[in-house]
Structure formats: C-alpha cells, structure tokens
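Undergrad: Here is a sequence with its predicted model. Questions after.
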Amino acid sequence: MKIKPLSNNVIIEQFKEEEKTKGGILLPQSAEKERPQQGKVVSVGPGKTNNQGKVIPMNVKKGDIVLFSKYSPQEIKVEDKEYLVLKEEDILAIIE
C-alpha cells in the first residue's frame, strides 16, 4: 500500500534510537526513551494552496533527512511499519 499525503503534509520514517548508552550499557526495551527527532522523508504532499488558489511548492523532497519538532508528528501504522505525519512547517531543518 502506498501513502500519498495531501496538502503540505509529509510522511517520515523515524530513525531508531540507540539501544546502548555512551558508556556501553545496554538499555532494556522497557526503558523510557524520548522519540528521536530525525527521520527520512518517505512521501511529500503537493504543497499548500494560498488564497489565490496557487499551490506553494514544498521545500522538502522524498529521501531528505530532516530534523523535526518533538511533539508535532502524528503516528500512523501501515502494513506493520510505523511512520510519522507532520506539516512542512513542523520540519525545522534538512540535514545534509
């Protein structure tokens, strides 16, 4: 199944967090962790429509590695794979 976001929405596959601390201690699955704030863009909508009806193109593209706001994404699950959906304005930077 393919996911095609609408408007200025972006689908992101988040990077998995390290399971070890810097000192080499393995963390159990039950350890409380914060969501990583980086991910890879999987799909991008066409862009936002302004008041004149013109579509404003997106600044991000499929394959970009991005840094995003911690609490803005919505979590979805498609075919046993987890993704994040967020608006383009919630993306803080493209990592090169």
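TA: Okay, I see it.
Undergrad: Can you list the residue ranges for strands in this structure?
TA: 9-14, 38-44, 48-49, 55-56, 65-68, 74-78, 81-87, 91-95 (DSSP state E).
Undergrad: pull the CA atoms of the fifth one into PDB?
TA: Looking back up the chat, that one is strand 65-68. Extracted C-alpha coordinates of strand 65-68, given in PDB (Å, rounded to 0.1, in the frame of the first residue of the first chain):
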ATOM      1  CA  ILE A  65      16.900  13.600   6.200                       C
ATOM      2  CA  VAL A  66      15.100  16.100   8.400                       C
ATOM      3  CA  LEU A  67      15.100  17.400  11.900                       C
ATOM      4  CA  PHE A  68      11.500  18.000  13.200                       C
END
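Undergrad: Can you report the mean pLDDT over the residues of it?
TA: Mean per-residue pLDDT for strand 65-68: 95.
Undergrad: Name whatever forms a beta bridge with Val78.
TA: Beta-bridge pairing for Val78 (DSSP bridges): Lys81.
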